[in-house]
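> Structure for the following, please:
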Amino acid sequence: MLAQSQPRGDVEGFRITDEIRRRLGTPFVVKPAWGDSGVGVVMDGQTEDDLRRSVDESPNSDSFLLQQRLIMKDLG
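Numbering: from 1, shown residues only. Predicted coordinates for the structure are as follows:
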C-alpha cells in the first residue's frame, strides 16, 4: 500500500505531481490524521481539491494521509 502524509500548513501549496498520481493511482483515499468517526475521509479522491475538502471538514486534524485505494476481492 502506498501513502503520503501532508501537514495541514502545507496543504494550500500542495500539488499532486505526475509521480504521486502514478504511485497512488486514482481514485485515492484522503484521511485526516485525527479521525472522528470517518469525518473528513474522502474515498474517491482525484485532485488537490479533495485534500482541501478533507481539511475543511476536519478542523482538528494537523496532518492528512493520501493513500492508495485498495479494492477488495473475494478469494473464496
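> What is the burial count for residue 14?
Neighbourhood size, residue 14 [other CB atoms under 10 Å]: 16. For every residue, glycine as well, the C-beta is placed using N, CA and C.
> For residue 63, list each beta-bridge partner.
Per DSSP bridges, residues listed as beta-bridge partners of residue 63: residue 7.
> What residues are bridge-paired with the residue nearest to the spatial centre of the chain?
Ranked by distance to the mean C-alpha position of the chain (CA atoms, centre = their mean), the top residue is residue 30 at 1.9 Å. Assessed by DSSP bridges, residue 30 has beta-bridge partners residue 42, residue 66.
> What ranges does the protein have for its helices?
For the chain, the helices defined by DSSP state H cover 18-24, 48-57.
> Nearest to residue 63, out of those helices?
Proximity to residue 63 (CB to CB) singles out helix 48-57 among the helices of the chain, at 9.9 Å.
> Check which residues of the closest one are buried.
48, 50, 51, 52, 54, 55 (16 or more other CB atoms under 10 Å).
> what does stretch 16-29 give?
Per 16+ other CB under 10 Å, stretch 16-29 contains these buried residues: 16, 24, 28, 29.
> what does stretch 35-49 give?
Quick answer for stretch 35-49 (16+ other CB under 10 Å): 40, 41, 42, 45, 48.
> show me what contacts the last one?
For residue 48, the contacting residues are 14, 15, 16, taking CB atoms under 8 Å, 6 or more residues apart in numbering as the criterion.
> tell me how far the ends of stretch 41-61 are from each other?
Taking CA to CA, to the nearest Å, the first and last residues of stretch 41-61 lie 11 Å apart.
> So which bits of the worst-scoring helix or strand of the chain on mean pLDDT are buried?
When each helix and strand of the chain is scored by mean pLDDT, DSSP states H and E, strand 3-7 comes last, with a mean of 74. Neighbour-count burial for strand 3-7 flags residue 6 (criterion: 16+ other CB under 10 Å).
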